[in-house]
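1. Fold the following and give me the result.
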Amino acid sequence: MLPILSLTSIVAALACIGSTGAVPVTAAASSAAASSAASSAASASASSTSTSASSAPSASASAWVVPTGWAASSCVAEGTSGRALTWTSFSSSSMTIEKCLAYCDNYNMPLAGLEYSGECYCGNVLGNAASLSIKSTCNMPCNGDSARICGGSGALSLYVSTKSNAASLSADYTSTSVSLPNGWSSMGCYKEGTTGRALDGWSYSTPALNTATCINLCKNKGGPGENCGGANVLQVYTNPSLAPSASTSNGYAKQACIQEVSGRALTGASFSSDSMTVDTCTAYCKSSGFTYAAVEYGRECYCGSSLSNGASLSKYSSQCTMTCAGNKKQTCGGPNALSVYASA
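-> I've put the predicted structure just below:
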């Protein structure tokens with residue numbers, strides 16, 4: 001049997017061992033807690049930093065600039081009696097300023113306007129009572145770029161070209177100033193003919209048309225800052241020094257330029273001459289009592305009392321572009337095209 005003192009010593013020793021073993025456990029737990037807290041703090045700090053960075057505008061977003069060749073103008077009110085910009089337009093659910101300006105560039109228009117988040121309009125002047133001086137509120141983001149404004153309700157975010165096509169614009173963009181070739185002046189805007197072209201002596205078309213091209217047939221590039229008529233209306237110019245082809249001759253009135261379809265349109269009588277004029281032809285047909293007289297191909301004259309072989313005054317041709325052999329100021333039809341006159 002062990003002495004009582006020995007048992008007491010053993011119990012005390014065991015108690016001491018238990019107490020000593022508990023210290024490392026407590027320290028480890030404390031260390032883990034501290035490590036966890038530090039990790040949480042670091043994570044929270046990183047998260048806070050990330051959130052702050054994402055909410056701030058990026059450098060690239062704040063550095064956006066207007067595409068080359070264009071300048072931002074202002075926010076203007078839509079026209080009161082129609083669209084301010086009327087040349088062409090399109091709408092898109094992904095509209096951006098860049099898309100609109102590129103579209104107007106394609107038509108060589110000097111003015112571009114964005115409206116109602118997804119609408120793009122192009123033109124050469126502000127029309128229908130719209131003006132640079134009549135401001136409005138543009139507050140609607142673009143459908144395809146919410147960081148940019150694409151006009152508003154009845155309001156245009158207006159951009160103006162910095163290229164030469166804007167050179168003739170007036171200060172308020174409502175008109176253009178055009179220098180006409182020597183000897184020419186504008187007579188105004190006239191309605192097109194109802195049964196054929198109002199001017200049927202000669203015609204020319206090109207996507208690059210401008211006033212000087214129309215008058216002089218020169219090879220200039222297009223001038224979209226100039227008005228070149230409209231739907232069924234003509235911008236008319238005159239040169240007093242040039243005598244137009246006669247509208248009446250020897251009691252015959254000019255009708256139209258028509259095409260020959262499957263044979264001669266006038267079969268009554270004919271002749272050709274290197275000194276052909278409208279007057280020569282009408283006098284010839286009148287002497288034989290024919291209703292119609294027509295000149296063709298610069299030097300040919302045809303007469304008849306009715307149109308034959310499918311020909312009709314409604315079958316208009318644009319090919320009456322040849323001057324008369326005997327009078328360069330008159331037009332005498334063209335290839336398979338007759339300048340037709342009828343007795344009054």
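
2. can you map out the helices along the protein?
-> Assigned helices in the chain, in chain order: 4-55, 59-62, 97-106, 211-216, 278-287 (criterion: DSSP state H).

3. worst average pLDDT in the ones you listed?
-> When the helices of the chain are compared by mean pLDDT, helix 4-55 comes last with a mean of 40.

4. neighbours around residue 251, how many?
-> 13 (other CB atoms under 10 Å). For every residue, glycine as well, the C-beta is placed using N, CA and C.

5. Check the gap between it and residue 101 for me.
-> As judged by CB to CB, to the nearest Å, residue 251 and residue 101 stand 59 Å apart.

6. So in this protein, where's the weakest helix or strand by average pLDDT?
-> helix 4-55 (a mean of 40; mean pLDDT, DSSP states H and E).

7. who touches the closest residue to residue 312 other than its chain neighbours in this structure?
-> Take residue 312 and drop its neighbours on the chain: the residue closest to it by CB to CB, 6 or more residues apart in numbering is residue 258, 6.9 Å away. Going by CB atoms under 8 Å, 6 or more residues apart in numbering, residue 258 touches 265, 307, 311-313, 315-317, 337-338, 340.

8. Tabulate these in CSV, adding columns for neighbour count, pLDDT and distance to residue 282.
-> CSV is the format used below for the contacts of residue 258 (neighbours: other CB atoms under 10 Å; pLDDT from 0 to 100; distance: CB to CB, whole Å):
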residue, neighbour count, pLDDT, distance to residue 282
265, 27, 94, 16
307, 22, 94, 17
311, 22, 91, 18
312, 12, 90, 21
313, 16, 88, 17
315, 16, 85, 22
316, 18, 83, 21
317, 21, 86, 20
337, 24, 92, 18
338, 30, 94, 13
340, 27, 95, 11
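
9. quick one: which of those is nearest residue 175?
-> Residue 175 lies nearest to residue 316 out of the contacts of residue 258, by CB to CB, at 33.5 Å.

10. Residue 259 versus the closest residue to that closest one other than its chain neighbours, what's the distance?
-> The spatially closest residue to residue 316, leaving aside those adjacent along the chain, is residue 196, at 4.7 Å (CB to CB, 6+ apart). Separation of residue 196 from residue 259 (CB to CB) stands at 12 Å.

11. Now do the shared contacts for the two.
-> residue 316.

12. What lies in contact with stretch 79-96?
-> Residues from elsewhere that reach stretch 79-96 (CB under 8 Å, 6+ apart): 76-78, 99, 103-104, 107, 109, 111-114, 117-124, 126-130, 142-145, 148, 150, 156, 224.

13. which among those end up buried?
-> For the contacts of stretch 79-96, a burial check counting by 16 or more other CB atoms under 10 Å picks out 76-78, 99, 103-104, 109, 111-114, 117-124, 126-127, 130, 142-145, 148, 150, 156, 224.

14. out of these, which are inside strands?
-> Among the buried ones among the contacts of stretch 79-96, the members falling in strands (DSSP state E) are 76-77, 111-114, 119-123, 142, 145, 148, 156.

15. Check these against residue 332 and report the nearest one.
-> Set against residue 332, the nearest of those by CB to CB is residue 123 (40.5 Å).

16. give me every residue that touches the closest one.
-> Per CB under 8 Å, 6+ apart, neighbours of residue 123: 84-87, 109, 111, 113.

17. how many other residues sit next to the nearest residue to residue 120 once chain neighbours are set aside?
-> Among residues not flanking residue 120 along the chain, residue 100 sits closest, at 3.6 Å (CB to CB, 6+ apart). Other residues lying near residue 100 total 29 when counted by other CB under 10 Å.

18. before we move on, the earlier item: between which two of the contacts of residue 123 is the distance greatest?
-> Pairwise distances across these (CB to CB) peak at 12.6 Å, for the pair 84 and 109.

19. just for the protein, where's the confidence low?
-> 1-62, 177-179, 188, 200-204, 206-213, 215-227, 229-233, 235, 238-246 (pLDDT under 70).

20. do that again at 50, thanks
-> Low-confidence segments of the chain (pLDDT under 50): 1-61, 218-222.

21. domain ranges for it?
-> Using automatic domain parsing, the domain parsing of the chain gives 70-166, 185-238, 248-343.
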